[in-house]
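Undergrad: Model the structure of this input:
(2 chains)
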There are 2 protein chains.
Amino acid sequence: MTETLTAARVDELVDALAHPTEDDTAAMDAWWRANNYLTVGQIYLKDNALLRRELLADDIKPRLLGHWGTSPGLSFIYTHASRLIRLTEQSMIYITGPGHGGPALVAASYLEDSYTEVYPRITEDADGVLRLFRQFSAPGGIPSHVSVTTPGSINEGGELGYALVHAFGSVMDNPDLIALAVVGDGEAETGPLEGSWKSISFINPARDGAVLPILHLNGAKIASPTVQARKDPEELRKLYEGHGYEVIEVGGDDPAVVGPQLDAALAYAWGRIKKIQIEARGEGVVTAERPHWPMIILRTPKGWTGPHEVDGTVVEGTWRAHQVPLSGVKENPEHLAILERWLRSYRPEELFDENGSLTELARRANPSGDLRMSANPVANGGGSYTPLDMPDWRDLALDLAPEDRGRVKKESTRYLGALMAELYRRNPTTFRLFCPDEADSNRLSAVFEQTDRAFMERLTDLDVNISPAGRVMEVLSEHNTHGWLEAYNLTGRHGLWASYEAFGMVSVSQTIQHAKWLEEGVHLDWRVPVPSLNILLSSTCWRNDHNGFSHQGPGVLSSILNMRAEIVRAYLPPDANCLLEIASYGFDTTDKVNLIVQDKQPQFQWLTKDEAYEHCKRGYGVWDWAGNEDLASGEEPDIVIACAGDVVTTEAIAAAQILRQQLPLLKVRVVNVVRLQTLARPKDHPSGMSDEDFAETFTNDKDVLFCFHGYPGSIHQLVHGRPDADRFHVRGFIEEGTTTTPFDMVVRNRVDRYHLVIDALNNAKKTVRGAADLKRWCEKQLARHEDYKVAHLEDMPEIRDWHFEV
Amino acid sequence: MTETLTAARVDELVDALAHPTEDDTAAMDAWWRANNYLTVGQIYLKDNALLRRELLADDIKPRLLGHWGTSPGLSFIYTHASRLIRLTEQSMIYITGPGHGGPALVAASYLEDSYTEVYPRITEDADGVLRLFRQFSAPGGIPSHVSVTTPGSINEGGELGYALVHAFGSVMDNPDLIALAVVGDGEAETGPLEGSWKSISFINPARDGAVLPILHLNGAKIASPTVQARKDPEELRKLYEGHGYEVIEVGGDDPAVVGPQLDAALAYAWGRIKKIQIEARGEGVVTAERPHWPMIILRTPKGWTGPHEVDGTVVEGTWRAHQVPLSGVKENPEHLAILERWLRSYRPEELFDENGSLTELARRANPSGDLRMSANPVANGGGSYTPLDMPDWRDLALDLAPEDRGRVKKESTRYLGALMAELYRRNPTTFRLFCPDEADSNRLSAVFEQTDRAFMERLTDLDVNISPAGRVMEVLSEHNTHGWLEAYNLTGRHGLWASYEAFGMVSVSQTIQHAKWLEEGVHLDWRVPVPSLNILLSSTCWRNDHNGFSHQGPGVLSSILNMRAEIVRAYLPPDANCLLEIASYGFDTTDKVNLIVQDKQPQFQWLTKDEAYEHCKRGYGVWDWAGNEDLASGEEPDIVIACAGDVVTTEAIAAAQILRQQLPLLKVRVVNVVRLQTLARPKDHPSGMSDEDFAETFTNDKDVLFCFHGYPGSIHQLVHGRPDADRFHVRGFIEEGTTTTPFDMVVRNRVDRYHLVIDALNNAKKTVRGAADLKRWCEKQLARHEDYKVAHLEDMPEIRDWHFEV
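TA: Take a look at the predicted model:
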């Protein structure tokens, strides 16, 4: 639609928008009353839904749940935005920052028919209204928050802080979309939200849509006033002007006054957005200057239109209206009477006809079809799932000959960079890389051959790979970049988030909340599949030897392993070709959280393209070239050395090499695991290997020395329930770090080749002559390592490259 | 000192500060040159430390690590702040947001003698300088970042975002302190940092010290320009005025111009701070209006005074100066020559005498004694550890008679509230509660009998429990509140951070980074012990039945169990008296992270005061009143039902009751674990119970049905290595949640009494007549539960209170 809009037409529409007709006003008023009625009904009523008789204590739910305070403001904004849509045919979605205002958004969807469309059980009649009320916050019903079950939503409002980043992510490469994002004054206090206003520095009006933020100040959060509601309003305006916005202020407690003000504000804001876009698009894709996008500060009372006073205490406008303003309704007749008066104040008899269906009076306020905010396909994965145009990764892979195994060192993530460059080329508007300022550091720079970093602030001649037309999303904020990608995914587009491994913990709560969203979403038949959230954690604990202890933490891996098995996947590619196969696979999946952990530093390469393909498809495998068992004999090895993770795989192979060269009679098997959850039992994870495969791989009773990238507990957790799981001796990151050399890192955590040889010999079932000598030799190597550290503080070389014979 | 300052004296000092003498200027210049010299030396040199001969390739370290870019700016600020201290005797600490500028802060400490005081090996002579250089970023040496090993630091700059919250936490109840906090323009982009400017809304000038933020814009982060450096400067000024600050701007690239400007800015800022404080303190503790505290925006080039161009490319002032601006020094003679010129540009011969000791020229720039920022005792736990004045918790406890076990329901956290109220009373300036707006919700409201919430913004007549004099720290930001407490702890004061359990994940990265700080800190003999970081996670997954899935996540517990055993402690008190004992113990410890997980809802009470004391001291125990084994017989039970966590403990006891009532021949033992890590082997955790105790508690071979509060993997991780660990069948939170009833939550996760009875019977070693019938009965109860959900969506009652017979 935007394409055909001229500046003159925008002016006309703005004028119309700013001057609602009486009809419009009446329709909006009715719709708002209907929404408020349904909201209060969801919180309180289990019977007498349309108040066709006197309200009785028995009509009240046994347990009163839900949040009234923010709800009337949310629905007030909703109906005025809907009017804008009706007049302009603007494609718009509604992001509900105060997600606990769930009943208002559920009611909005119900009033727009979309609720019944996706949940036919909730019919548009008196029975349906009752079911709507009964299901709210009830066992087997729906959550109290705006969530994945709410049509039109891409933002779970339970954990506050992400309303704006979700809005901004949704409009990237969606040029015709406006995401209206309501930020509550509670959420406005969170760090992630405060850090997300600057997203406009990355939005290009020529090719992206726009976000219209509404800071909705109702004065209080759960138990006290908020900073922004109590700041000097002049200072607050400055704050948002300082963030780069044109601030429009609206406020009051009389709906008849605030309504027209809000119409005018929305009209002005919409006009500004359109003008900015028309101008930018006229000029082509490069817009030199970041526009001053409009935003609205809306001040209305918390619990607006609800009981003003209860038991002599003011409720409306205070934190007391946050949840259930009248809590004693079932027992206290006076409260019951207040509730009835409150409900009747919305005049339900005007809003619902004899059947209990919405009357035309309120219905007129609805936009139609896909323009309804609760039915906009954008908020449902873009309407349908479109896969990426993917290259065959083999065309970009490392052409490794088997005889070069363990002789070639490469920065594996550079190959992923090349793959993503190709993705950018083939998918110019549906793929982006998101990264907190580490794309180069993580060796993904190949993407800059296809595009730049996005940036709408001033550039200088010295800047490289950065421009308004760029589509690599970098800002030093895990919260921003992670949140943008979540929304980019939930609106149907593809991407990857790359971070330093340790700092993945900064936004791990977002990773978890997104997993929860998908965990619920896959069970809703009306939600289309969405591209998976792909995460690369690089600059890992083992190779942050130079940055020190704060940069050494594999916590994300253990955190996501606790999430539901149907959603999360953890991958630990050992080399470049495996990384390409794993990443390609991940880009092709839906509704998953794919976590890839791999370092960026030069590392030995192990598998040919075909081998990598086979290995990753299976997810694990015996690397016979690394061990020395006699496979033909059918005899089991004396010890299994397993590994998952790039750095520890190298140590495992080195240990196996020492053993097979020094003690050939000891039969060693090396197993590499790339899809971590294949270790789990099939009943615990769909990737889990069968009992037979497990026994064939790890034997039934031989000891397994497991070298793991992360905290050892994760492996104990995964192999729990496997035959004799106690035989798994796990070595991993045991929180021993500092600024040191890479080799010292593995030594400190006892997962280096020498410790592994000693451990293997201690746990092998067979006694072999020479074992004691070999252990002593290993201990000597370790002692020399320690001596060297003390004696040559300044000059400790890396351990020399190992000559692998494989 | 502040007490004796008059406004007139402040004016005099401001005037003097703003007009540095030639001597001052020369001293600062020399000190800055010395610092820059030592910074470059730490990055590059392993020999020829004082450049007493020509620089050779062999003098260069084999591996070049460290960050030059931010360092000269950091030391520039440092020396000008030191001058302020010398003239005013102001107590000041230096918070280094750009913590990767480690060499500059290490050099500052060395120049101030404090480095040698705490690390005598690093002497003040040529040998010492060489050792200083060699240890930097070397194995066995020191980290590249400002960290716990850096004298004067309370902020690890590795994970960005917390400079300001640490600064603000340090000045609370430290009225004479100014925390100078440098925020880099990379860090300024993070959400947690952007969210922390509003900390001034909680700082009362009458009783708190002040933070002087310096936003240090050097234009770029690791690989690209930053938003704030490239915004319109006018807009940026508005942003910080909007945050409530009085903005002072200083900038340029000529030190001779910037220096006096910075002196004037510091003078003005210090004067404003003192005036604000004098005024507030004159009026007594209640200050009605939040002051416009000063802040400085300082613009200097990244890599200032370093090589301007290398190989024809501009380095100074760009992201290329971020780490090592000259990387090819060892191989490239031209680069080596640039490095030598660069080093000599600081005229080391003027700065270090024949012995290699700092000359008087630069030394004059140092403040003396405790006034040196690197030696201020505030930054070392306040100088010495002062325990809290603690009440005996028994005086505040629940007076439970043994016969009332399981018959009384109480909100256990209310008792903790009462304990904290008493702590506030006894420790008026050394204890605070920090909480993201949930003190009331978490039932800690008793604290408001002693104090209010702190708030410096406008108040109204309707507000309660909130005032400028308040000392409960609430704002809707996990990052703010967690970070404030960390710094309050690191400067020697006590507190507790309370959060909803699920949203503890929002700031879990802070929890982990603080644990890492303590993990390193306890090994430094010069660091005094600091109060432990005490955390209460309430509103837990099991009882967020009303808020739904986003509020149900016990991830913090599993995350911290991966941290080093000497630091982290996880506690799961089953009732009020245990909570009081555990919390009291935690308040009395040092250098720990004490995590307490307990819900706020009414819950059964189990232990008398004395029993709770004994149980918690030991950390675990057999609850003979809950089982039915014949203790006198010495025979082992047929099954052990263990539990850790309040809700699951109730289910475990209920299951045991069903079993002992219905199948008295089956011998059941109930074990409750309150100190979770007692489950670990003593070699894995200092709390771990001995092999004998473990066998005595859990037997050596009987199956253990373990009911756990969190994700089951944590128990597998903890009991790993115990005899026959596979016999532990863990039930816990398996990520099955929604809005429902509390009982449905345990059913969904299969840790309810009926599932437990079935599991116990399936795993018990003995066959007992009636077992099959009992299983069927349990299955029927579960089926009825499901039926009920479907049939009575609106009206499912809580499961009726259980009549416990104990």
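Undergrad: buried residues in the top helix by length along chain A?
TA: Secondary structure of chain A read by DSSP state H shows that its longest helix is helix A:255-282. Buried positions in helix A:255-282, judged by neighbour count with 16 or more other CB atoms under 10 Å in any protein chain shown: A:255, A:258-278, A:280-281. Using the backbone N, CA and C atoms, a C-beta is placed for each residue, glycine as well.
Undergrad: Counting by contacts, list what that helix packs against.
TA: helix A:7-18, helix A:22-44, helix A:71-88, strand A:210-217, strand A:246-251, strand A:294-299 (3 or more CB pairs under 8 Å, 6 or more residues apart in numbering or on different chains; DSSP states H and E).
Undergrad: same thing but 10 Å
TA: Judged by 3 or more CB pairs under 10 Å, 6 or more residues apart in numbering or on different chains; DSSP states H and E, helix A:255-282 is in contact with helix A:7-18, helix A:22-44, helix A:71-88, strand A:177-184, strand A:210-217, strand A:246-251, strand A:294-299.
Undergrad: a markdown table please, covering the ones you listed and showing mean neighbour count.
TA: Shown next, in a markdown table, are these (neighbours: other CB atoms under 10 Å in any protein chain shown):
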| stretch | mean neighbour count |
| --- | --- |
| helix A:7-18 | 15 |
| helix A:22-44 | 23 |
| helix A:71-88 | 25 |
| strand A:177-184 | 28 |
| strand A:210-217 | 27 |
| strand A:246-251 | 18 |
| strand A:294-299 | 23 |
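Undergrad: helix, strand or coil for A:Arg432?
TA: Under DSSP: H, G, I helix; E, B strand; the rest coil, A:Arg432 falls in the strand class.
Undergrad: Now do the contacts for A:Leu326.
TA: For A:Leu326, the contact set (CB atoms under 10 Å, 6 or more residues apart in numbering or on different chains) comprises A:40, A:43-44, A:60, A:64, A:68, A:306-307, A:310-311, A:315, A:332, A:334-336, A:338-339, A:342.
Undergrad: when you check chain B, which of the residues you listed turn up near it?
TA: The residues of the contacts of A:Leu326 that also fall near chain B, by CB under 10 Å from any CB of the partner chain, are A:Leu64, A:Val315.
Undergrad: Out of the contacts of A:Leu326, which sit inside helices?
TA: Using DSSP H, these in helices are A:Val40, A:Ile43, A:Tyr44, A:Glu334, A:His335, A:Leu336, A:Ile338, A:Leu339, A:Trp342.
Undergrad: Show me where the stretch 401-550 of chain A has its helices.
TA: A:412-426, A:478-490, A:508-521 (DSSP state H, counting those that start in this stretch).
Undergrad: Now do the last one: which elements does it pack against?
TA: Same thing as helix A:508-521. For helix A:508-521, the packing partners by 3+ CB pairs under 10 Å, 6+ apart come out as helix A:478-490, strand A:533-538, helix A:555-561, strand A:568-571, strand A:593-597, helix B:508-521, helix B:555-561.
Undergrad: go with 8 Å
TA: Applying 3+ CB pairs under 8 Å, 6+ apart, one finds that helix A:508-521 contacts helix A:478-490, strand A:533-538, helix A:555-561, strand A:593-597, helix B:508-521.
Undergrad: Highest mean neighbour count out of the ones you listed?
TA: Mean neighbours per residue, mean count of other CB atoms under 10 Å in any protein chain shown, is largest over these for helix A:478-490, with a mean of 29.
Undergrad: What mean pLDDT does that helix get?
TA: Averaging pLDDT along helix A:478-490 yields 98.
Undergrad: One more: stretch A:349-365?
TA: 97.
Undergrad: What strand or helix carries A:Lys775?
TA: Secondary structure assignment for A:Lys775, by DSSP states H and E: helix A:771-791.
Undergrad: Show me what that helix is packed up against.
TA: helix A:646-662, helix A:742-748, helix A:753-763.
Undergrad: Of all these, which one is nearest chain B?
TA: helix A:742-748 (4.9 Å; CB to the nearest CB).
Undergrad: what's the closest one in contact with?
TA: A:541-543, A:545, A:552, A:601, A:647-648, A:651, A:736-738, A:740, A:752, A:754-755, A:782, A:785, A:789, A:796, A:798-799, B:139 (CB atoms under 8 Å, 6 or more residues apart in numbering or on different chains).
Undergrad: Just the buried residues of the residues you listed.
TA: The buried subset of the contacts of helix A:742-748 - by 16+ other CB under 10 Å - is A:541-543, A:545, A:552, A:601, A:647-648, A:651, A:736-738, A:740, A:752, A:754-755, A:782, A:785, A:789, A:796, A:799, B:139.
Undergrad: Do I have it right that A:Ala229 meets A:Gly219?
TA: Yes. Between A:Ala229 and A:Gly219 a contact is recorded at 4.4 Å, counting by CB atoms under 8 Å.
Undergrad: Need the residues touching each of these two.
TA: Listed contacts common to A:Ala229 and A:Gly219 are A:Asp185, A:Arg299; contacts here mean CB under 8 Å, 6+ apart.
Undergrad: List, one by one, the residues from the stretch 151-300 of chain A near chain B.
TA: Taking CB under 8 Å from any CB of the partner chain as the criterion, the stretch 151-300 of chain A approaches chain B at residues A:156, A:158-161, A:186-187, A:189-198, A:201, A:221-227, A:230-232, A:235-244.
Undergrad: tally of neighbours for A:Val146?
TA: By the criterion of other CB atoms under 10 Å in any protein chain shown, A:Val146 has 28 neighbours.
Undergrad: List the buried residues in the helix or strand of chain A with the lowest mean pLDDT.
TA: Scoring the helices and strands of chain A by mean pLDDT, DSSP states H and E places helix A:771-791 at the bottom, with a mean of 86. Neighbour counts over helix A:771-791 (16+ other CB under 10 Å) mark A:Ala771, A:Leu774, A:Lys775, A:Trp777, A:Cys778, A:Gln781, A:Leu782, A:His785, A:Tyr788, A:Lys789 as buried.
Undergrad: For those residues, could you give me a markdown table that also reports distance to A:Thr413?
TA: Shown next, in a markdown table, are these (distance: CB to CB, whole Å):
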| residue | distance to A:Thr413 |
| --- | --- |
| A:Ala771 | 39 |
| A:Leu774 | 36 |
| A:Lys775 | 37 |
| A:Trp777 | 35 |
| A:Cys778 | 32 |
| A:Gln781 | 30 |
| A:Leu782 | 31 |
| A:His785 | 28 |
| A:Tyr788 | 30 |
| A:Lys789 | 29 |
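Undergrad: The closest residue to chain B within the stretch 401-550 of chain A: neighbour count?
TA: Going by CB to the nearest CB, chain B is nearest to A:Ser550 of the stretch 401-550 of chain A, at 2.8 Å. For A:Ser550, the count of nearby residues is 25 (other CB under 10 Å).
Undergrad: Pull the contacting residues for it.
TA: A:Ala502, B:Pro143, B:His145, B:Ser147, B:Glu156, B:Gly158, B:Glu159, B:Gln513, B:Lys516.
Undergrad: From B:Gly69, how far off is the second one?
TA: As judged by CB to CB, to the nearest Å, B:Pro143 and B:Gly69 stand 17 Å apart.
Undergrad: got it, and the third one?
TA: Between B:His145 and B:Gly69 the distance is 14 Å, computed by CB to CB.
Undergrad: now swap in the fifth one and tell me
TA: Between B:Glu156 and B:Gly69 the distance, using CB to CB, works out to 18 Å.
Undergrad: Of these two, give the one with the bigger neighbour count.
TA: The neighbour comparison of B:Glu156 against B:Gly69 (other CB under 10 Å) goes to B:Gly69, with 32 against 25.
Undergrad: quick one on the thing from earlier: of the helices of the stretch 401-550 of chain A, which is nearest A:Gly381?
TA: Across these, A:Gly381 has its closest neighbour in helix A:478-490 (6.7 Å, CB to CB).
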